[in-house]
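Asker: mind looking at a prediction? Sequence and model below.
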Amino acid sequence: MIIAIDGPAASGKGTLARKLAAHYRLPHLDTGLLYRGTASAMAAAGKPLDDAQAAATLARALDPATLDEAALRGRPMGEAASVVAAHPQVRAALLDLQRAFAARPGGAVLDGRDIGTVICPDADVKLFVTASAEERALRRTRELVGRGEDADPAAILEDIRRRDERDSGRSAAPLVRAADAVLLDTTALDVERSFEAALAIVEAARRRA
Ligand code: CDP
């Protein structure tokens, strides 16, 4: 079974993806880390983020097994990731890796922005997870504070709005709900409730299959 989970920044898609993967004992790929890893490699190589060719070359050379999630999850890398992610060459460079992950025997859970639309258009289940920008900013603030980072809630709300705009407005694989994705609005749901709702959606899809 392939479960495709898309949604905007801090919507809870990563947490849901991890919990669903654990529940069904499926491998999980956080595809945002690939774009964050590409942005980080660009910084290390001293390349400007608008150098699409350099970004594609570094994206192709990424080894997902060596990505340092703790270092990549910080706020600046999310912003830089959304800039490199808008280059079609970068998206093309990361396509095979993501499709190969999804094609593992038994299936997989992938979360990102274009999983249900581009990477796995034939996924067994597609979820589009969302929440209000204000609630997502609160969650991201709590997450960063929890990791000991400075977090100004107003600046984070700004970040989220800017990133929503860039991710939804780009021409290469924009963030958009696939026609056959089930919408899950988690604004008023805590982690457990969101998980129960996601599980119900997956189970309904399994019954239909
Ligand atoms: O956790 P959060 O949603 O803040 O970020 P993320 O999922 O790690 O993604 C960081 C950035 O990478 C996003 O703002 C997107 O621009 C980009 N991204 C993408 O374009 N396609 C994906 N499949 C995953 C992430």
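Answerer: Received the coordinates, thanks. As the structure is a prediction and not an experimental result, all values here were calculated from the model.
Asker: tell me how many other residues crowd residue 103.
Answerer: 11 (other CB atoms under 10 Å). All C-beta atoms are positioned from the backbone trio N, CA, C, and that covers glycine.
Asker: for it, what are phi and psi?
Answerer: phi -90, psi 10 (degrees, to the nearest 10).
Asker: what residues are up against it?
Answerer: By CB atoms under 8 Å, 6 or more residues apart in numbering, no residues touch residue 103.
Asker: let's see it at 10 Å
Answerer: Listed by CB atoms under 10 Å, 6 or more residues apart in numbering, the contact set of residue 103 reads 2, 120.
Asker: tell me how far it lies from residue 110.
Answerer: 11 Å (CB to CB, to the nearest Å).
Asker: mutual contacts of the two, please.
Answerer: In contact with both residue 103 and residue 110: 2, 120, using CB under 10 Å, 6+ apart.
Asker: got the contact list for residue 76?
Answerer: 36, 39, 40, 43, 159.
Asker: ok, so of those, who is nearest residue 89?
Answerer: residue 39 (14.3 Å; CB to CB).
Asker: what about that closest one, distance to residue 26?
Answerer: 27 Å.
Asker: between the two, which is the more surrounded one?
Answerer: Higher neighbour count among residue 39 and residue 26: residue 39, with 26 against 18, using other CB under 10 Å.
Asker: ok, and the closest non-adjacent residue to that one?
Answerer: In space, and not counting its chain neighbours, residue 39 is closest to residue 80: 3.7 Å by CB to CB, 6 or more residues apart in numbering.
Asker: wondering if the host helix or strand of that neighbour reaches the ligand at all.
Answerer: When elements are assigned from DSSP states H and E, residue 80 belongs to helix 75-84. Yes: using CB under 6 Å from any ligand atom, helix 75-84 comes into contact with the ligand via 78, 81, 82.
Asker: the last one and residue 38 touch, don't they?
Answerer: No: under the criterion of CB atoms under 10 Å, residue 82 is not in contact with residue 38, lying 11.2 Å apart.
Asker: quick one, which of those two is more surrounded?
Answerer: residue 38 (29 against 25).
Asker: residue contacts, the more buried one?
Answerer: Here residue 38 is in contact with 49, 54-62, 67, 77, 80-81, 84-85, 87, 90, 93-94 (CB under 10 Å, 6+ apart).
Asker: please apply the same query to residue 23.
Answerer: Here residue 23 is in contact with 109, 195, 198, 199, 202 (CB under 10 Å, 6+ apart).
Asker: again with residue 153
Answerer: Contacts of residue 153 (CB under 10 Å, 6+ apart): 134, 137, 138, 140, 141, 142, 144, 145.
Asker: quick one, grab the pLDDT at the fifth one.
Answerer: As summarised for this prediction, residue 141 has a pLDDT of 93.
Asker: name the helix or strand for it, please.
Answerer: helix 133-146.
Asker: filter the contacts of residue 23 by proximity to the ligand?
Answerer: Answer for those near the ligand: none qualify (CB under 6 Å from any ligand atom).
Asker: nearest to the ligand, of these?
Answerer: residue 109 (13.0 Å; CB to the nearest ligand atom).
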